[in-house]
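In: Generate a structure from the sequence data that follows.
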Amino acid sequence: MLIVEKTEELRGTVNAPPSKSYTHRAVICASLGDGVSKILNPLNSEDCLSSLYGCISLGAQIERRKDIWVVEGNYNSPKTPDNVIDVGNSGTTLRILTGISSQIPRGYAILTGDESIRRRPMGPLLDALNQLGIVAFSSKMDGTAPVVVKGGKIERNLVRIRGDVSSQFITSLMMTLPFAQEDSRIVLTTPLKSAPYLDITMDVLERFGIKVKVLEGNREYLVEGNQRYKPTKYRVEGDYSSASYILAAGVLLNSKILIKNLFKDSKQGDRRIVDILREMGAHIKVREDRVVVEGPYNLEGISIDVKDIPDLVPTLAVLGCFAQGRTEIYNGEHVRLKECDRLHACAVELRKMGGRIREKPDGLIIEGVGRLRGARLNTYGDHRLVMAFTVAGLLAEGRTIIEGEESVKVSFPDFIPVMKSLGANLTVK
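Out: Now for the predicted structure:
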């Protein structure tokens with residue numbers, strides 16, 4: 001468990017951890033390439049290592065060095081895995097490799113993961129693959145993992161899929177359809193949520209030589225057929241999602257924090273945390289490759305559309321508790337489909353600390369209370385809840401005990417040491 005005591009100030013310079021989203025996509029693209037790629041500054045987290053090991057199962061050879069992964073691709077020819085691919089807790093790995101594994105030459109690929117992964121929806125992606133002539137199904141016949149995928153060629157070039165469940169489904173199709181002999185179209189049947197993640201996908205694909213065109217205002221995509229992944233040298237930028245916890249602590253506490261490796265022109269949707277904090281009343285300085293925060297600030301509650309930023313919801317929920325007035329989080333039905341139901345979890349656990357939170361089907365209404373009290377909190381095995389609740393505990397009166405702190409290994413393995421280096425009063429027992 002993690003014990004969090006009230007902390008008076010934070011000071012120092014830290015590096016934002018490498019982006020989880022970019023690391024996933026880069027290693028998978030590299031694993032398909034015609035030769036050797038080098039991924040510089042990858043995130044060595046459990047989720048990203050799930051993608052690395054999955055790529056090895058499909059025929060890539062990967063050497064892990066300090067701050068660099070050297071990847072010899074499978075030359076655009078995924079191999080039939082010798083064993084079941086276990087993705088652990090990584091939904092990104094499950095979704096992308098389900099598509100990629102359809103291109104094995106023969107036999108079947110079976111993908112599964114932990115208990116949380118085996119509850120997360122896969123039905124829209126499996127249906128989409130079947131539209132393309134690929135045999136893919138849930139072994140339980142309920143649209144969840146384990147999933148079974150039969151190797152085979154892509155026979156059709158039009159696929160229709162919902163855009164409001166997970167952008168990872170569309171990412172999987174974008175990364176699989178270059179193997180088709182003809183150009184393919186992906187048509188969204190519902191409005192897209194988490195759109196910035198597709199911008200990240202297309203950005204990485206372009207670096208590895210794959211072309212995807214956006215048609216009809218983010219409702220249709222054209223993927224050229226018969227493309228090949230090319231090896232490259234790729235540097236992973238810092239992660240705004242993980243940096244959001246440091247920024248939130250910085251604006252709430254007496255602080256002077258410099259966060260390096262955050263780029264102002266990043267395509268990450270969660271870069272919006274800076275604009276949200278400014279709208280709430282904080283002054284954040286953004287340079288070319290770093291962000292500076294000097295707190296504290298008296299924040300004002302605002303309304304926040306989280307359609308494209310679902311991973312920021314736990315951070316925003318904590319900020320809302322300390323802001324004056326009402327903070328409303330809306331358009332977040334898909335936030336219930338993450339590692340846990342994050343809307344419900346934030347409401348239940350922050351109420352234990354004295355937060356005034358009302359749950360809605362698509363979000364939260366938070367009445368700022370200005371201060372919280374320490375409590376024992378459940379994090380449901382969700383890394384983002386651990387980190388967000390840590391921020392709450394730094395300001396709470398008394399001691400906060402956070403269970404399941406080991407889940408931060410999924411996205412920010414050094415979270416606790418980094419926060420302690422800034423002066424946070426944290427103890428792991």
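In: contacts and neighbour counts: CA atoms only from here.
Out: Will do.
In: The stretch 201-350 of the chain: helices as residue ranges?
Out: Secondary structure of the stretch 201-350 of the chain (DSSP state H, counting those that start in this stretch): helices at 240-252, 272-280, 313-322, 342-352.
In: do the stretch 1-150 of the chain as well
Out: 20-31, 46-57, 91-100, 123-131.
In: Would you format these as TSV with mean neighbour count and mean pLDDT included?
Out: Converted to TSV, the helices of the stretch 1-150 of the chain look like this (neighbours: other CA atoms under 10 Å; pLDDT from 0 to 100):
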stretch	mean neighbour count	mean pLDDT
helix 20-31	27	98
helix 46-57	24	98
helix 91-100	26	98
helix 123-131	21	98
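In: Of those helices, give the one that comes closest to R272.
Out: With CA to CA, the closest approach to R272 among the helices of the stretch 1-150 of the chain belongs to helix 20-31: 15.7 Å.
In: between the closest one and helix 91-100, how many degrees?
Out: On the basis of axes from the mean of the first three to the mean of the last three CA atoms, to 10 degrees, helix 20-31 is oriented at 30 degrees to helix 91-100.
In: so where's this structure uncertain?
Out: For the chain, no stretch is flagged by pLDDT under 70.
In: Now do the domain split for it, please.
Out: Each domain of the chain is listed here as a residue range: 2-17+238-428, 20-223, per automatic domain parsing.
In: distance between the last one and the chain's centre?
Out: Distance, stretch centre to chain centre, for domain 20-223: 14 Å (CA atoms, centre = their mean, to the nearest Å).
In: Now the terminal residues of that domain, how far apart.
Out: End-to-end distance of domain 20-223 (CA to CA, to the nearest Å): 24 Å.
In: Next: the longest one.
Out: End-to-end span of domain 2-17+238-428 (CA to CA): 5 Å.
In: quick one on the thing from earlier: mind putting the domains of the chain into JSON lines with distance to P231?
Out: Listed next are those as JSON lines, based on distance: least, CA to CA, whole Å:
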{"stretch": "domain 2-17+238-428", "distance to P231": "22"}
{"stretch": "domain 20-223", "distance to P231": "5"}
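In: Looking at the ones you listed, which is nearest to Y229?
Out: Closest to Y229 of the domains of the chain, according to CA to CA: domain 20-223, at 4.5 Å.
In: Now do the strands in the stretch 301-429 of the chain.
Out: Counting by DSSP state E, counting those that start in this stretch, the stretch 301-429 of the chain has strands at residues 303-305, 326-330, 356-360, 363-367, 376-377, 400-402, 426-428.
In: likewise the stretch 51-200 of the chain?
Out: Here the stretch 51-200 of the chain has its strands, by DSSP E, counting those that start in this stretch, at 61-65, 68-72, 85-86, 108-112, 136-138, 147-150, 158-161, 184-188.
In: Can you spell out which helices and strands pack onto the shortest one?
Out: Other elements packing on strand 85-86 under the criterion 3 or more CA pairs under 8 Å, 6 or more residues apart in numbering; DSSP states H and E are helix 46-57, strand 108-112.
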